[in-house]
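Visitor: let's see this in three dimensions:
(chains A and B)
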Amino acid sequence: DTEVTQTPKHLVMGMTNKKSLKCEQHMGHRAMYWYKQKAKKPPELMFVYSYEKLSINESVPSRFSPECPNSSLLNLHLHALQPEDSALYLCASSQDTGEEADTQYFGPGTRLTVL
Amino acid sequence: QKEVEQDPGPLSVPEGAIVSLNCTYSNSAFQYFMWYRQYSRKGPELLMYTYSSGNKEDGRFTAQVDKSSKYISLFIRDSQPSDSATYLCAMSPFSWNTGKLIFGQGTTLQVKP
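Guide: Numbering: from 1, shown residues only, chains lettered A, B, ... in the order given. Now for the predicted structure:
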């Protein structure tokens, strides 16, 4: 099973709202990622968690707050977003050792619209 | 100059054609190469993964890596309308490079019936 699930599929929020995106994988992967993808652009890395610890923050604004409650779950808490934050938010996971360590498996994404 | 260059297309071919998708890169340290397929409004799906130089075949798909030329290719034989998608190349210098993949811009492919 190479499935990464994400909820919700779609989210519309106002600039003063607080919402969360959720991601889950059951492949035993110890690395999990959040990406942001704008139309006709490649995914842009936001955060990397390795063994439930934040290992990379690509200078993401603090209105995005990641959380890794356990090795299977990854959340992205959203607060006071701007309309330009509207995008497809992708979660991915991978092994962090072995030959295929960089093979990342992506979820279907959450399409976020900020009004 | 971007680390990875990929022609965004769009590339339009008739059904049954052989499709060649390509990426060039500048960092000679890259050793791990991936191709992802992304349908409109969906997440990327891993198609092929290769390590170092050589070919890898999976059904109608063949991935080639030429490290001497810093050039990778994905060939699709007997293309189908269902292959219409954006194809992203991605690469990394070594196993577990902190998890950072370097993506190409993606090539949009349309296969016409």
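Visitor: quick one: strands adjacent to the helix or strand harbouring B:Leu21?
Guide: With elements delineated by DSSP states H and E, B:Leu21 resides in strand B:19-25, which encompasses its position. Here strand B:19-25 is paired, per DSSP bridges, with strand B:4-5 (antiparallel), strand B:71-76 (antiparallel).
Visitor: what residues does chain A put near chain B?
Guide: On the criterion CB under 8 Å from any CB of the partner chain, chain B has as its neighbours in chain A the residues A:2, A:4, A:6, A:31, A:33, A:40-43, A:45, A:48, A:50, A:55-56, A:88, A:90, A:94-109, A:111. C-betas here are computed from N, CA, C, even on glycine.
Visitor: give me the buried subset of these.
Guide: Among the residues of chain A next to chain B, those classed as buried by 16 or more other CB atoms under 10 Å in any protein chain shown are A:4, A:6, A:31, A:33, A:42-43, A:45, A:48, A:50, A:88, A:90, A:94-96, A:100-109, A:111.
Visitor: helices - which of those land there?
Guide: When helices are assigned by DSSP state H, not one member of those lies inside them.
Visitor: how about the strand holding B:Leu21: buried residues?
Guide: Within strand B:19-25, judged by 16+ other CB under 10 Å, the buried ones are B:Val19, B:Leu21, B:Asn22, B:Cys23, B:Thr24, B:Tyr25.
Visitor: can you list these in a markdown table and add pLDDT and distance to B:Lys100?
Guide: Putting the buried residues of strand B:19-25 into a markdown table (pLDDT from 0 to 100; distance: CB to CB, whole Å) gives the following:
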| residue | pLDDT | distance to B:Lys100 |
| --- | --- | --- |
| B:Val19 | 97 | 28 |
| B:Leu21 | 97 | 22 |
| B:Asn22 | 97 | 22 |
| B:Cys23 | 97 | 17 |
| B:Thr24 | 97 | 19 |
| B:Tyr25 | 96 | 14 |
